[in-house]
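Trainee: Here's my sequence, what's the structure:
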Amino acid sequence: MRQGDARDPVGEQKVQIFMGTYLLKESSNSHHFFILASYKGVFEKEVTNMDGFETLVSVGIWGLAALVGISLMMKITQRLQLSLAKHPSLGGHLRMAKRVAKWIPGYDYGPERWFDIDGAPASVAMQRRHALQNLGAQLQSRSPQTLAHTEATKPLVSDLQLISQYRVPFQFRSVLAQHIKLGSYWRESQGVWLTDMDGNQYIDVTGSYGVNLFGMDFYKSCIQEGADMASKLGPVLGSYHPCVLDNVQQLCAISGQDEVSFHMSGTEAVMQAVRLARYHSKKRKIVRFTGAYHGWWDDVQPGPGNPMPPSSDTLTLNEMHPNTLRVLRNRSDIACVLVNPLQAMHVNKAAPTDSTLVDGGRQVHYDKAAYKAWLAQLREVCTEKGIALILDEVFLGFRLAPGGAQAYFDVKADMVTYGKTLGGGLPVGVVCGKAHWMKRFTSERPGDICFARGTFNAHPYVMATMNVFLHRLQTTAVKSQYAEASAVWQSRQDRFNAALKAAQLPVHVAGMETVWSVLFEVPSRYNWMFQYYLREQGIALSWVGSGRMIFNFEFDDTAFELFTQRFIKAAQRMQADGWWWVPEHQNNRNIRRQVLKEMLRLRWA
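Mentor: Predicted structure coming up:
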């Protein structure tokens with residue numbers, strides 16, 4: 001009898017045990033069970049008609065096929081879940097966004113179309129033409145020295161060239177530049193005021209990129225006291241000024257974390273936090289949310305503006321959406337989740353700037369309770385999966401509460417990044433985190449380190465100024481400002497909007513504590529012009545325009561009332577000059593379609 005004609009009961013029993021164990025194990029995974037079930041009937045039929053050797057070969061082939069099927073289905077499922085967790089806008093699809101950005105043709109309307117691009121009648125177009133000439137003449141005659149200094153600097157400083165080009169939608173900037181110029185120099189600051197080189201004073205809502213929370217007088221005195229404290233040591237680098245111990249103890253108490261590292265900017269602080277998360281988790285992928293800014297490092301700024309293609313290790317997901325939580329729960333390759341709490345103002349949208357204000361569709365909606373609940377959900381899933389939750393507080397920092405966004409939203413992060421205001425007016429970046437995440441070396445593997453150094457990290461003058469700042473946070477006066485801040489600024493926002501409504505102006509504001517955005521109620525092609533009327537009325541904005549007005553605690557009721565009056569007067573002049581005339585039936589969607597048609601026509605002409 002041939003060996004193949006006899007059944008090997010021992011061999012068959014081993015095969016049955018092996019397959020039974022394998023099927024039991026795999027069936028526990030819902031993603032795999034239906035794949036295995038589809039193989040089951042064919043497999044049983046084949047095994048019944050085979051001898052022991054053929055059975056083992058068949059088991060191997062079918063087992064390999066099952067594993068390949070499982071792997072493929074897992075990848076398909078993972079990819080589908082990731083796609084469903086992306087925001088439907090271009091901001092959620094960064095490769096496409098970069099392609100679109102490169103595709104957009106450069107063009108301008110020219111003087112013959114500039115004033116009536118919305119179909120305005122000749123009388124309105126002429127009214128606008130005269131208004132632009134008058135406004136430009138007023139701004140230029142007021143600040144000749146400041147403007148001359150700015151124009152002389154512009155060819156030598158690329159950053160100044162950039163911000164000058166991107167104040168308004170690009171189609172309008174050529175004609176606009178012939179009439180309106182803004183200075184980029186300030187001679188001094190006092191209280192809530194900035195003074196240019198010609199002696200003109202402006203109410204400051206630039207916010208100095210978020211640094212200015214307590215008013216410039218506060219920071220000037222912090223810097224002076226810090227310089228006095230550090231003067232005996234001087235710029236000795238590589239070791240520490242004695243105040244550093246006090247700084248780190250206070251920062252650990254404020255943040256509720258175990259350890260601190262110092263860096264030279266907020267971008268560097270975020271880089272280090274992400275690097276530590278990857279180092280300790282042994283995972284590569286990071287999650288950021290659509291529209292959020294975390295500095296200009298490649299991995300966290302993967303969209304337009306970065307010449308490199310988006311990294312496959314950076315997942316840009318839909319904030320405040322259950323599909324995002326599902327991705328976090330089902331993947332095992334995520335090192336950290338980055339959260340910028342400023343996004344609570346405009347979830348899944350980039351910062352509102354006048355350069356993209358092609359219509360009146362700017363939206364801001366702040367719901368503290370909803371965002372707090374979202375952060376609690378994130379905290380839960382990150383804890384469950386061992387993912388580092390990093391709260392990027394570089395911009396908001398201590399603007400929300402003495403304990404920052406952690407205290408304000410009642411959430412505990414694994415690492416927190418600070419910058420801007422924490423330096424007391426000087427450049428700084430800080431990471432505070434749990435000891436588990438902050439350690440930069442492994443004792444068991446001495447060659448395995450997480451390197452991060454910087455020449456000016458913990459610079460004595462910065463550390464001394466920070467020390468002054470941190471001690472001032474403990475004063476009765478500052479504690480009182482914090483205790484009243486939410487009520488004061490909400491009341492001011494309500495009164496401000498009521499005054500605008502009473503004046504029958506098509507604008508209002510929305511915001512988060514001391515950070516506000518101007519929203520437009522008219523679908524105008526010229527809403528971006530408002531920033532220049534505000535400047536003419538003595539209100540200083542940052543280069544992003546009316547999308548960001550950043551107040552500080554030095555605004556008392558008198559200063560705020562003066563700001564309100566100037567804002568209303570600027571809006572009244574804007575309205576009187578015809579910029580808010582719109583044709584009947586025009587809406588924001590129609591405007592966007594018109595702009596798209598222009599681009600398509602020019603791109604394919």
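Trainee: helix, strand or coil for G183?
Mentor: Taken by DSSP: H, G, I helix; E, B strand; the rest coil, the conformation at G183 corresponds to coil.
Trainee: Leaving out the residues flanking it, which one is nearest to it?
Mentor: Of all residues beyond its chain neighbours, the one nearest G183 is T146 (3.4 Å), with distances taken as CB to CB, 6 or more residues apart in numbering. In short, each C-beta sits where N, CA and C put it, glycine included.
Trainee: so how far is the strand or helix carrying the one you found off the chain centroid?
Mentor: Secondary-structure element containing T146, defined by DSSP states H and E: helix 144-153. On the basis of CA atoms, centre = their mean, to the nearest Å, helix 144-153 sits 32 Å off its chain's mean C-alpha point.
Trainee: what do you get for stretch 445-458?
Mentor: 27 Å.
Trainee: Now it: buried residues?
Mentor: Buried positions in stretch 445-458, judged by neighbour count with 16 or more other CB atoms under 10 Å: 450, 452, 454, 456-458.
Trainee: cool, and stretch 521-530?
Mentor: Using 16+ other CB under 10 Å as the burial criterion, the residues of stretch 521-530 that qualify are 522-530.
Trainee: now swap in stretch 206-222 and tell me
Mentor: When neighbours are counted by 16+ other CB under 10 Å, the buried residues of stretch 206-222 are found to be 206-216, 218-219, 222.
Trainee: Among these, which are located in helices?
Mentor: Filtering the buried residues of stretch 206-222 for membership in helices, criterion DSSP state H, returns 216, 218-219, 222.
Trainee: Just name the closest of these to L132, please.
Mentor: Sorting those by distance to L132 puts M216 at the head of the list, at 32.5 Å, by CB to CB.
Trainee: Roughly how far does the closest one sit from F553?
Mentor: Relative to F553, M216 is positioned 11 Å away (criterion: CB to CB, to the nearest Å).
Trainee: Ok, R99 next?
Mentor: When CB to CB is the yardstick, R99 and F553 sit 44 Å from each other.
Trainee: Looking at those two now, which is surrounded by more residues?
Mentor: When R99 and F553 are compared on other CB atoms under 10 Å, the one with more neighbours turns out to be F553, at 21 against 12.
Trainee: pretty sure that one contacts L213?
Mentor: Yes: using CB atoms under 8 Å, F553 makes contact with L213 at a distance of 6.2 Å.
Trainee: Keeping just the C-alphas, turn stretch 77-89 into CSV.
Mentor: Written as CSV, here are the backbone C-alpha positions of stretch 77-89 (Å, rounded to 0.1, in the frame of the first residue of the first chain):
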residue,chain,number,x,y,z
THR,A,77,-10.3,49.1,6.5
GLN,A,78,-7.6,51.3,7.9
ARG,A,79,-7.4,53.4,4.8
LEU,A,80,-11.2,53.8,4.7
GLN,A,81,-11.3,54.8,8.3
LEU,A,82,-8.6,57.3,7.7
SER,A,83,-10.4,58.8,4.7
LEU,A,84,-13.6,59.1,6.7
ALA,A,85,-11.7,61.0,9.4
LYS,A,86,-10.4,63.7,7.1
HIS,A,87,-12.2,67.0,6.9
PRO,A,88,-13.9,67.3,3.5
SER,A,89,-12.3,70.7,2.8
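Trainee: What ranges does the stretch 151-300 of the chain have for its helices?
Mentor: Secondary structure of the stretch 151-300 of the chain (DSSP state H, counting those that start in this stretch): helices located at 158-165, 173-179, 216-230, 243-255, 266-281.
Trainee: Of those helices, which stretch is the most buried?
Mentor: Ranked by mean neighbour count, the helices of the stretch 151-300 of the chain are led by helix 266-281 with a mean of 24 (mean count of other CB atoms under 10 Å).
Trainee: starting at the chain centroid, how far to that one?
Mentor: Taking CA atoms, centre = their mean, one finds the center of helix 266-281 at 16 Å from the center of the full chain.
Trainee: quick one: contacts for the closest residue to Y461 other than its chain neighbours?
Mentor: Nearest in space to Y461, with sequence neighbours left out and distances taken as CB to CB, 6+ apart, is A230 at 4.6 Å. Residues near A230 by CB atoms under 8 Å, 6 or more residues apart in numbering: 241, 460-461, 463-465.
Trainee: Now with 6 Å, please.
Mentor: A230 makes contact with 241, 460-461, 464, according to CB atoms under 6 Å, 6 or more residues apart in numbering.
Trainee: Distance-wise, check it relative to F563.
Mentor: Between A230 and F563 the distance, using CB to CB, works out to 36 Å.
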